[in-house]
Every structure is written in structure tokens, then in C-alpha cells.
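**Student:** Sequence plus predicted model, see below.
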Amino acid sequence: MRRRWVKVLTIVVVVLAVLGIAADRVANHLAEQEAAKLAQQKYGWGQDSTNGYVHVAIDGFPFLTQALGGQLDHVTLSAGDFSVNTSSHAAGDYLNVQRLTLDLHGLHVPSLTARSAQVDLVTGDLTFSYQDLSGVVTRLMGQGGALTVGPAPGSNEQEARIRISGPWAGRQLDVVASLLAQRGQVEIEVPGMQTSGYDWSIPLPDNVDFTAATSTPTGVDLQVTGHQVVVGSSIYGG
């Protein structure tokens, strides 16, 4: 009889453990979905694109223990395929952001129903493909044909060097230009060409800014960093 009770008790413990894990995973998934929705509302990532997306992944187990304790160790936020426009709203000025990834370290959540959180450290990167850069450069600066943007040597700190080539104003253009990333904005400067107003504001959380810009074989990569960052809270307040 005693063995039978031990067996029953063991089964009950296992069932409760499984149910607890399942409940934790469900709560984790719902929290990730809500956080992604709030991020999209606040920063506009992917709202105007059929292919745009925002994903949130909350690391660590159990999630509910972290949430009840008011702190999440690590959350990854990724977005992509959304566009930004220049400050002058020039025709054809839309620039597609291929990918944005933010790693949030040390989130302090005041309550389970909170719509914002303070983060100790945010790191991440943002990528523009050369195809998208070629498209916007052609639309804004093209005179006579499609322009092509590719990598160039010499990137330094917040300035990525890019090469622009193609037919332009009756001649063949081949020039090294700069893509500057600072104070939440990206600007393309081309020697000998009027590019005033060709700057794009990138929607990032407050206190997060660009720290480096690099031309890679496939695109321009921008590094971002922020300390004591407040994330969340929809555009409608709260």
C-alpha cells in the first residue's frame, strides 16, 4: 500500500511540474506578444509594410519568477522590413531598414501589467542592404539611370564609407561617399552632389544612439548602445 501511495504522489508531482512549466511557457509567450505589439505602436516598426515584423524573445526560466521579482535578465527585440523617410519628405525618399536587433540587459518591470520598463543596458545593430541603398540613392539623386551602392574602404567610428557608381548627368559616376549615423539620424553625403536634406530619423528608444558604422560585403551595419533606457509605453500613453 505504501509503495502505491509513493507512486501516486510521484505521478502527482510530475503532473504538477508539467502543468507549471506549461503555464510558465504560455505566460512567456503572451508577454512576448504584448511587448512586440507595444514596441510596434511606440516606434512604428513594420506598421506600414506588408512584410514588416517585430519579434520579442524573453530569455530565462522560469519566466513568472523573473516577472514577479520585477526584473528580466535578457530580452531580445528584433524588427525588420520597415521604412523611414527623410526630414524633407522628398519624393521617393523611403529607405528600407533590413534588420534591427536590440539586446536588452537588466529590465526593471514595475508590475505585470506595466507598459514600460527601464533597462540597464541596450546594445544592438541596424542593417541597410546595398540593394535598398541603391534604390533610394537612385530615386533621390539619379539623373539618367540606376545608381549602384557598394562597400568602400575607410569606415571610421560613426561614418561608413560607400561607393556610388553608375550613369549620372551624361557621365559615368564613380565616387566614394559617406553614410553618417549620429544623434538618431542617418545621412548620406556625396562629394560634388547636392544631398542637403537627405537624412533619415531612425525610431529608437530614448538614450539609445549609434556608436559605430561599418560597410560590410552585404550592407551597412550600424551599432547602437544605450544606458538607463526606458522602453515600451505606446504612442497613446500609459
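**Tutor:** All right, it came through fine.
**Student:** which stretches of the protein form strands?
**Tutor:** Using DSSP state E, the strands found in the chain span residues 53-58, 71-80, 82-84, 95-97, 99-108, 116-129, 148-151, 159-168, 171-182, 185-189, 199-201, 208-215, 219-232.
**Student:** Relative to Leu30, which of these is closest?
**Tutor:** Leu30 sits nearest to strand 53-58 of all the strands of the chain, at 10.5 Å, using Cβ to Cβ. All C-beta atoms are positioned from the backbone trio N, CA, C, and that covers glycine.
**Student:** quick revisit: select, out of the strands of the chain, the one closest to Leu140.
**Tutor:** Of these, nearest to Leu140 by Cβ to Cβ is strand 185-189, at 8.4 Å.
**Student:** so what's the residue sitting nearest the centre point of the chain bridging to?
**Tutor:** In the chain, the centroid-proximal residue (Cα atoms, centre = their mean) is Leu100; its distance is 2.6 Å. For Leu100, the beta-bridge partners are Ala79, Leu126 (DSSP bridges).
**Student:** and what of Val54?
**Tutor:** Beta-bridge partners, per DSSP bridges, of Val54: Ala79.
**Student:** ditto for Ala117
**Tutor:** Val231.
**Student:** sorry, back to before: burial-wise, tell me which of the strands of the chain comes out on top.
**Tutor:** Mean neighbour count (mean count of other Cβ atoms under 10 Å) peaks for strand 95-97 among the strands of the chain, with a mean of 22.
**Student:** Could you pull up the mean pLDDT of it?
**Tutor:** Average pLDDT, strand 95-97: 92.
**Student:** So what's the residue count around Gly46?
**Tutor:** Counted by other Cβ atoms under 10 Å, the residues lying close to Gly46 total 22.
**Student:** pretty sure the residue nearest to the centre of the chain contacts Gly124?
**Tutor:** Yes. Between Leu100 and Gly124 there is a contact under Cβ atoms under 8 Å: 7.0 Å.
**Student:** so what's the residue nearest to the centre of the chain up against?
**Tutor:** Residues in contact with Leu100 (Cβ atoms under 8 Å, 6 or more residues apart in numbering) are Trp45, Ser78, Ala79, Gly80, Gly124, Asp125, Leu126, Thr127.
**Student:** For Asn51, state which of the residues you listed is nearest.
**Tutor:** Closest to Asn51, out of all of the contacts of Leu100 and judged by Cβ to Cβ, is Gly80, at 8.2 Å.
**Student:** Distance check, that closest one against Gln40.
**Tutor:** 12 Å (Cβ to Cβ, to the nearest Å).
**Student:** any common contacting residues for the two?
**Tutor:** In the contact map built from Cβ under 8 Å, 6+ apart, the residues linked to both Gly80 and Gln40 are Gly46.
**Student:** just to revisit the earlier point, mind putting the contacts of Leu100 into JSON lines with pLDDT?
**Tutor:** Below are those laid out as JSON lines (pLDDT from 0 to 100):
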{"residue": "Trp45", "pLDDT": "85"}
{"residue": "Ser78", "pLDDT": "93"}
{"residue": "Ala79", "pLDDT": "93"}
{"residue": "Gly80", "pLDDT": "90"}
{"residue": "Gly124", "pLDDT": "97"}
{"residue": "Asp125", "pLDDT": "96"}
{"residue": "Leu126", "pLDDT": "97"}
{"residue": "Thr127", "pLDDT": "97"}
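**Student:** Now the two most distant members of those.
**Tutor:** Farthest-apart pair in those is Trp45 and Asp125; separation 14.7 Å (Cβ to Cβ).
**Student:** Let me see the contact set for Asp221.
**Tutor:** By Cβ under 8 Å, 6+ apart, the residues touching Asp221 are Asp125, Leu126, Thr127, Ala160, Ala213, Thr214.
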